[in-house]
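[1] Test case, fold it:
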Amino acid sequence: MTEIFFDDIGSFPLPNGSSKSVLSEAAFNRDNDPLLFPVLDQILELKMKAGVQIPNYSQVRDMNEQFLRPMKDDTCCSGPFDLKEECAGTVEMLAMDLYCRKIKEETGEKPLVRMCVTGPTELYLKEFGGALYTDIYQLFAKDVNLFVRNAMKSMKNCQIAIVSIDEPSIGINPELALPADEIIAAFNEAGKDAAKNGADVEIHIHSPLYYDLACRSETINVIGMESAATPSYADMIDKKVLLDYDTYVRAGITRTDIFSMAGVLNEKYGGNVWNKPEIMKEIVTVMETPETAEKRLEKLYGVFGDRIKYAGPDCGLGSWPSQELAANLLKNTGIAIASFNKKNK
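    Numbering: from 1, shown residues only. I've put the predicted structure just below:
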């Protein structure tokens with residue numbers, strides 16, 4: 001059995017006193033790096049201490065606005081949505097590279113990291129809904145690839161092992177009217193430089209209904225499954241299709257749907273427990289334990305075998321009520337993956 005690697009999706013609760021809106025503006029305005037970088041470093045350190053082997057950069061911005069804002073800036077574009085390469089920067093990746101420099105100096109090795117970009121379909125739906133402008137849609141794909149290209153060029157101290165194209169609306173949004181061949185072409189373009197530079201290209205989707213479109217692309221080779229909260233999603237993916245297209249899966253083995261889990265505790269204790277950490281901790285001590293996560297991974301491995309390349313929480317943790325609770329979920333996830341790998345050497 002090949003080792004299954006532990007990665008995370010990206011978002012994480014902010015430290016007390018931090019404001020997402022303030023940090024978001026700091027990310028767009030590089031003069032504010034002294035405000036932004038310590039928060040990004042603190043979150044990344046929490047992830048790595050929790051055992052995440054391939055951490056995603058810490059998302060502190062709206063996933064659409066992060067990419068659409070420069071794409072709609074006339075000073076950054078040669079034409080409508082035709083982004084200039086010099087404007088396709090990701091300050092979070094720069095912060096990550098500076099953090100990695102310390103680790104590289106200590107160990108002599110570049111840490112593996114994960115980069116996520118909002119996919120062209122998600123960005124297009126945000127701007128145009130069900131309208132059909134395939135030329136603009138393909139421009140979005142080209143722009144997304146520019147962000148990846150620049151990160152690949154600029155990272156000196158980290159190795160980008162995974163680039164995730166985040167497309168949560170595919171399979172869920174009824175407005176999606178783009179033809180299949182256009183979606184596949186956009187995937188090819190958006191993942192082009194990541195694949196060329198040897199990174200795995202993952203699609204992060206909330207429903208695997210159209211996972212075969214990603215399999216048929218030339219660049220995507222990993223399908224993300226939110227299979228902890230919705231185990232039936234695994235039934236929608238055919239291992240034979242994965243083998244035919246040499247595609248892998250990323251298995252979600254711990255739930256991140258915090259509001260649903262808090263709802264269970266609300267019913268159990270007869271009131272709102274959101275601001276009661278002594279009760280909310282049951283999410284990681286009773287509900288999402290390492291044993292539960294490992295059992296999920298074992299079951300999924302029985303279906304997909306060595307087609308599972310990565311595992312981690314279903315989605316991001318940005319909506320969780322505290323950093324402590326989120327970090328403990330990551331720790332439980334890491335314990336489960338390490339135990340599974342040890343038992344199945």
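[2] so who does the nearest residue to Asp62 once chain neighbours are set aside touch?
    Of all residues beyond its chain neighbours, the one nearest Asp62 is Ser24 (6.9 Å), with distances taken as Cβ to Cβ, 6 or more residues apart in numbering. Where you see a C-beta, it was placed from the backbone N, CA and C, and this is true even at glycine. Ser24 sits next to Val60, Arg61, Asp62, Glu65 when contact means Cβ atoms under 8 Å, 6 or more residues apart in numbering.
[3] So which of those residues are in helices?
    Glu65 (DSSP state H).
[4] Weed out the non-buried ones from the contacts of Ser24.
    When the contacts of Ser24 are checked for burial by 16 or more other Cβ atoms under 10 Å, the buried set is Val60, Arg61.
[5] Reformat the contacts of Ser24 as a markdown table; add distance to Arg30 and pLDDT.
    Shown next, in a markdown table, are the contacts of Ser24 (distance: Cβ to Cβ, whole Å; pLDDT from 0 to 100):
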| residue | distance to Arg30 | pLDDT |
| --- | --- | --- |
| Val60 | 14 | 90 |
| Arg61 | 14 | 91 |
| Asp62 | 18 | 92 |
| Glu65 | 17 | 95 |
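[6] out of the contacts of Ser24, which one sits closest to Ile170?
    Closest approach to Ile170 among the contacts of Ser24 (Cβ to Cβ): Asp62, at 18.9 Å.
[7] now, among the contacts of Ser24, which is nearest to Cys116?
    Using Cβ to Cβ, Arg61 comes nearest to Cys116 of the contacts of Ser24, at 11.5 Å.
[8] In this structure that closest one contacts Glu25, no?
    No: between Arg61 and Glu25 there is no contact, the gap being 9.2 Å when judged by Cβ atoms under 8 Å.
[9] Look up how far Gly252 lies from Trp320.
    According to Cβ to Cβ, to the nearest Å, Trp320 and Gly252 sit 15 Å apart.
[10] Just want to know which of the two has more residues nearby.
    Gly252 (30 against 23; other Cβ atoms under 10 Å).
[11] In contact with the more buried one, which residues are there?
    By Cβ under 8 Å, 6+ apart, the neighbours of Gly252 are Gly224, Met225, Glu226, Ser227, Ala228, Ala229, Ala311, Gly312, Pro313, Asp314, Cys315.
[12] Without its sequence neighbours, what residue ends up closest to it?
    In space, and not counting its chain neighbours, Gly252 is closest to Asp314: 3.6 Å by Cβ to Cβ, 6+ apart.
[13] isn't the one you found right next to Pro231, touching?
    No: between Asp314 and Pro231 there is no contact under Cβ under 8 Å: 11.0 Å.
[14] ok, Arg296 to Ala234 distance?
    Where Ala234 is concerned, Arg296 sits at a distance of 10 Å (Cβ to Cβ).
[15] and what of Asn157?
    Distance of Asn157 to Ala234, given as Cβ to Cβ: 36 Å.
[16] more neighbours, those two?
    Ala234 (20 against 17).
[17] list the contacts for that one?
    Counted by Cβ under 8 Å, 6+ apart, Ala234 has contacts Met225, Ser227, Leu300, Val303, Phe304.
[18] rewinding a little: so if I had to pick from Asp314 and Pro231, which one is more boxed in?
    Asp314 (23 against 14).
[19] residues contacting the more buried one?
    Taking Cβ under 8 Å, 6+ apart, we find Asp314 in contact with Ile9, Glu226, Ser227, Ala228, Ala229, Gly252, Thr254, Arg255, Thr256, Asp257.
[20] and these, which of them are in strands?
    Members of these lying in strands (criterion: DSSP state E): Gly252, Thr254.
[21] Make CSV out of the contacts of Asp314 and add pLDDT.
    As requested, the contacts of Asp314 are exported to CSV (pLDDT from 0 to 100):
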residue, pLDDT
Ile9, 95
Glu226, 93
Ser227, 92
Ala228, 96
Ala229, 94
Gly252, 97
Thr254, 98
Arg255, 98
Thr256, 98
Asp257, 97
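[22] hmm, back to that, Met287 versus the residue nearest to Asp62, what's the distance?
    Distance check for Ser24 against Met287: by Cβ to Cβ, it reads 31 Å.
[23] What of Thr90?
    34 Å.
[24] the more surrounded of the two?
    Thr90 (21 against 14).
[25] so that one touches Met115, yeah?
    Yes: the pair Thr90 / Met115 is scored as a contact, 7.4 Å apart, by Cβ under 8 Å.
[26] which residues are in contact with both of these two?
    With Cβ under 8 Å, 6+ apart, Thr90 and Met115 have common neighbours Tyr57, Ala151.
[27] sorry, back to before: now, which of the contacts of Ala234 sits nearest Phe128?
    Phe128 lies nearest to Met225 out of the contacts of Ala234, by Cβ to Cβ, at 28.1 Å.
[28] neighbours around the closest one, how many?
    Neighbour tally, Met225, other Cβ under 10 Å: 27.
[29] Show me the helices in the stretch 51-200 of the chain, by range?
    Ranges of helices in the stretch 51-200 of the chain, per DSSP state H, counting those that start in this stretch, are 65-71, 91-107, 120-128, 134-154, 180-190, 192-196.
[30] To Glu167, which of these lies closest?
    Closest approach to Glu167 among the helices of the stretch 51-200 of the chain (Cβ to Cβ): helix 120-128, 5.1 Å.
[31] Give me the buried stretch members for that closest one, please.
    Pro120, Thr121, Glu122, Leu123, Tyr124, Leu125, Lys126, Glu127.
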